[in-house]
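> have a look at this prediction, sequence included:
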Amino acid sequence: MPGPLSHIRVLDLSRVLAGPWAGQTLADLGAEVIKVERPGLGDDTRGWGPPFLADREGQPTSDAAYFLATNRGKKSVTIDFTLPEGQELVRRLAVDCDIVLENFKVGGLAKYGLDYPSLKEINPGVIYCSITGFGQTGPYRNRAGYDFLIQGMGGLMSVTGEPDETPGGGPVKVGVAIVDIFTGMYAATAVLAALVHRDRTGEGEYIDLALLDVQVATLANQATNYLVSGNSPVRLGNAHPNIVPYQALATSDGHIILAVGNDTQFSRFCAVVKRPELADDERFRTNAGRVGHRAELIHFIQEALKEQTSAAWIAAFEEAGVPCGPINTIAEVFDNPQVKSRGMRVEVPHTAAGQIPLVGSPMKFSGVPLNDRQPPPRLGEHNDVVLKGMLGLADEDLARLKGSGII
């Protein structure tokens, strides 16, 4: 059975993470995603290693794990669109595509005739999504934007890390490029909405996505905390600004996460740690009180938790219905029985390496299948399939284009 987007074709002119993440999401949903890369070089992330994928003989290939993480299910075509003949090839591909993804600087593709106005002339129904650091408008529109930079500018690092006054305090970035990933997800959501709009009206759409906008939007409750109170949230380490206790806490042999989300759970927690009087204490009886008396309560809790191991506390809290959990390494994540049962590690075939392990898609459909078992492409792997199949080029055409460095 075909995937839910098996009737959709995507031209992916993006590179690195935000745009490719959107393209990978659409590929998982069954879309045909044609990734255009630079001849001989490809997407920057192919070289962002080590680690690099090893071939069947155990020798490193030219593809870094970073590239594999965000390009599964795509077809790779190499085209140098800085050259006129390469530009024409991309335009011919765009005629038969529903969606175009790109993340060049503002105006960067106009000089190649690959911007939205140019492609709209030949494909009026195209949905064209531009991803930039700061958007197509505003005083920063011409600046380059990178995830780390945006995490700082967009406020995320002001609420991530330990407080300045504590040992090791100060701003910390999130351990993955979360702004790029969220931007990719917003891009996928936006183009799908535009597809629905086109189905109703026949009209294409231009989508302007900025990393900074996405970072501001995904401040979520922290942003609204400021807008409602007028007070900028501060770094609380692993603590939650609005819920207590909701943080990492030390045990006799490590740390656990406590996520006590309501008063009933807090009462159960107090019973497990043999401090039932805390649940009746006027300071701690409600969540608002616990937030207001955070330091006192956490002191009591921390003293109690040091009496047993992490495993013992987790077992006791789970039995009592108190949300808690370990702080796993990534190796432990993939060894977790729940993660295994949900199919979050998949084995896919690869032309150079045989079978390779990848992260599976978190989207689970009851009827239609996903396409998350297709490998990331080798550089230019699908030149013949796409350029001959879609554009009708002959073998001699491909040989000439390759000889001239266009593909």
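Alright, I've got the coordinates.
> do me a favour and get the end-to-end distance for stretch 101-110?
In stretch 101-110, first residue to last residue: 14 Å (C-alpha to C-alpha, to the nearest Å).
> burial count for Gly86?
23 (other C-beta atoms under 10 Å). All C-beta spots, glycine's among them, are computed from the backbone N, C-alpha and C.
> cool, and the one 3 residues further on?
Burial of Leu89 is recorded as 24 neighbouring residues (other C-beta under 10 Å).
> is it part of a helix or strand, or is it coil?
helix (DSSP: H, G, I helix; E, B strand; the rest coil).
> for Gln151, give its distance to Val172.
From Gln151 across to Val172, the span is 9 Å (C-beta to C-beta, to the nearest Å).
> settle it for me: which of those two has more neighbours?
Using other C-beta under 10 Å as the criterion, Gln151 and Val172 rank with Gln151 on top: 22 against 15.
> Leu249 - that's part of a strand, no?
Yes: assigned with three-state DSSP, Leu249 falls within a strand.
> who's in contact with it?
The contact partners of Leu249, taken as C-beta atoms under 8 Å, 6 or more residues apart in numbering, are His255, Ile256, Ile257, Leu258, Ile298, Ile301, Gln302, Leu305.
> shouldn't the fifth one be in contact with His240?
No: using C-beta atoms under 8 Å, Ile298 makes no contact with His240, being 11.5 Å away.
> and for those two, which residues touch both?
Gln247.
> who touches both of Gln151 and Val172?
Contacts common to Gln151 and Val172, judged by C-beta under 8 Å, 6+ apart, are Met157, Thr160.
> can you show me the strands along the stretch 51-200 of the chain?
For the stretch 51-200 of the chain, applying DSSP state E, counting those that start in this stretch gives strands covering 52-54, 60-64, 74-78, 99-102, 127-132.
> out of those, which is closest to Gly292?
Across those, Gly292 has its closest neighbour in strand 127-132 (42.0 Å, C-beta to C-beta).
> what sits against Gln345?
Careful, residue 345 is Arg; it's not Gln. By C-beta under 8 Å, 6+ apart, Arg345 lies in contact with Phe334, Val339, Pro357, Leu358, Val359, Gly360.
> can you check Asp372 too?
Here Asp372 is in contact with Asp28, Arg72, Gly73, Val346, Leu358, Gly360, Ser361 (C-beta under 8 Å, 6+ apart).
> spatially nearest residue to it, not counting backbone neighbours?
Among residues not flanking Asp372 along the chain, Ser361 sits closest, at 3.9 Å (C-beta to C-beta, 6 or more residues apart in numbering).
> and that neighbour, how far is that from Leu26?
11 Å.
> who has more neighbours, those two?
Leu26 (29 against 21).
> using PDB, write out every CA atom in the helix or strand containing that one.
Applying DSSP states H and E as the criterion places Leu26 in helix 18-28. Extracted C-alpha coordinates of helix 18-28, given in PDB (Å, rounded to 0.1, in the frame of the first residue of the first chain):
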ATOM      1  CA  ALA A  18      16.300  22.500   8.900                       C
ATOM      2  CA  GLY A  19      15.300  22.000   5.200                       C
ATOM      3  CA  PRO A  20      16.600  18.400   5.000                       C
ATOM      4  CA  TRP A  21      14.600  17.600   8.100                       C
ATOM      5  CA  ALA A  22      11.400  18.800   6.500                       C
ATOM      6  CA  GLY A  23      12.300  16.800   3.400                       C
ATOM      7  CA  GLN A  24      12.900  13.700   5.400                       C
ATOM      8  CA  THR A  25       9.600  14.000   7.200                       C
ATOM      9  CA  LEU A  26       7.800  14.300   3.800                       C
ATOM     10  CA  ALA A  27       9.800  11.300   2.500                       C
ATOM     11  CA  ASP A  28       8.800   9.300   5.600                       C
END
